[in-house]
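Q: Make a model of this:
(one chain, ligands or ions: 1)
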Amino acid sequence: MALTSIAASWRSQNMATRLLRLWLGGTWFYGGWQKASDNTFLNKASTNYIGAQLAGLAQHSPLKFALRHMVEHASLIGVSVMLSEFAIGIAVLTGIALQLAIVGGALVSLILWLSVTWTVYPYFLGSDSAYLVMWIALLFLVRQQNVGRGKKSGVIPDLTDRREFVRIVGVGTTAIIAALAGSRFQKPAPKSKAGAILVKLASFPVGSNMQFTAPDGNPAFLFRTNAGVFAYSAICTHQGCTLGYSVLEHTLNCPCHGGKYDPANGGKVIAGPPPTPLPKYRVAIKGDSIVTV
Ligand code: FES
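A: Residues are numbered from 1 along each chain as shown. The predicted structure is shown next:
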């Protein structure tokens, strides 16, 4: 019965509406899954912890006042965001409380735009404003088609309708089950192998840099200066793109939204939207080599 009404919700809509529903619903579900299966998202010890992300975003966002307050309840906010993404994705794909889910998706996109991608320049490199426009277009399409078929077209579902109420409870329950399922796919952090030789000193003079794979499996950069040796993660703290080293600027640059970090100054952010400096890896000179510590 439920499957029949889901299939009918797709059959009754035109191709543009189906395409938007498929893309937005699938993307929102995947967004929830990515958070649920990421063991750093709710881990207070991680630089990727939702609280660290919110604190960083609060520095440049017009929503900074709200974001600073959200940091105090970061884990709760993180779980709410994850469940909302699952619920919106499921509701859009199944057509249950569709207009309410679309408005929810638009609101999430608006908040992300005003916080995560607000400083992205030029604006079209940030995806959240484009998602906001897609949600609004989908809302217009759905409402037009409902009016065309003479259907009642309110955003708030009729909760006095027992079947509609049960369907909405089903969406919420499925979102929780999906979050629990995603958490089963979290990978344990690999153990750090201390003492691994990265490079011989003789072939890595002062002024050199190189890429290497850190003990946790992530890409990283090693530098040697007159002050010693030091290493940074090559994962951008904004949205996780892999950084490259600019020989001309002596900076670690992100190809996605123009973030730049200064490796000679603690991996500090010097341009673009990254919220926090680069995480460091511990390295040292031991004998004639540079090793991980
Ligand atoms: S991922 Fe956006 S600046 Fe790096």
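Q: Flag every residue of the stretch 101-250 of the chain that's near the ligand.
A: Taking Cβ under 6 Å from any ligand atom, the part of the stretch 101-250 of the chain that reaches the ligand is made up of C236, H238, Q239, C241. The C-beta positions use only the backbone N, C-alpha and C, and glycine is treated the same way.
Q: what would those residues look like in TSV with pLDDT, secondary structure and neighbour count?
A: What follows is these, written out as TSV (pLDDT from 0 to 100; DSSP: H, G, I helix; E, B strand; the rest coil; neighbours: other Cβ atoms under 10 Å):
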residue	pLDDT	secondary structure	neighbour count
C236	89	coil	24
H238	86	coil	24
Q239	79	coil	17
C241	78	coil	15
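Q: Now the residue most central in space within the chain: phi and psi?
A: Among the residues of the chain, the smallest C-alpha distance to the mean C-alpha position (Cα atoms, centre = their mean) belongs to Q239, namely 6.2 Å. The phi and psi torsions at Q239 (degrees, to the nearest 10) take the values phi -130, psi 20.
Q: Show the contacting residues for R21.
A: Neighbouring residues of R21 by Cβ atoms under 8 Å, 6 or more residues apart in numbering: W10, Q13, V92, L93, G95, L138.
Q: Just the buried ones from the residues you listed, in ChimeraX syntax?
A: The ChimeraX selection below is limited to those of the contacts of R21 classed as buried (16 or more other Cβ atoms under 10 Å):
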select :13,92,93,95,138
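Q: Let's have the contacts of R21 in a markdown table, adding secondary structure and pLDDT.
A: Output for those, formatted as a markdown table (DSSP: H, G, I helix; E, B strand; the rest coil; pLDDT from 0 to 100):
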| residue | secondary structure | pLDDT |
| --- | --- | --- |
| W10 | helix | 91 |
| Q13 | coil | 91 |
| V92 | helix | 97 |
| L93 | helix | 97 |
| G95 | coil | 94 |
| L138 | helix | 97 |
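Q: Pull the most distant pair out of the contacts of R21.
A: Largest separation among these by Cβ to Cβ: W10 and L138, giving 13.6 Å.
Q: if I pick the residue lying closest to the residue nearest to the centre of the chain once chain neighbours are set aside, what's in contact with it?
A: The spatial neighbour of Q239 that comes closest, neighbours along the chain excluded (Cβ to Cβ, 6 or more residues apart in numbering), is C256 at 6.3 Å. Remark: with contacts taken as Cβ under 8 Å, 6+ apart, C256 is in contact with L125, C236, H238, Q239, C241.
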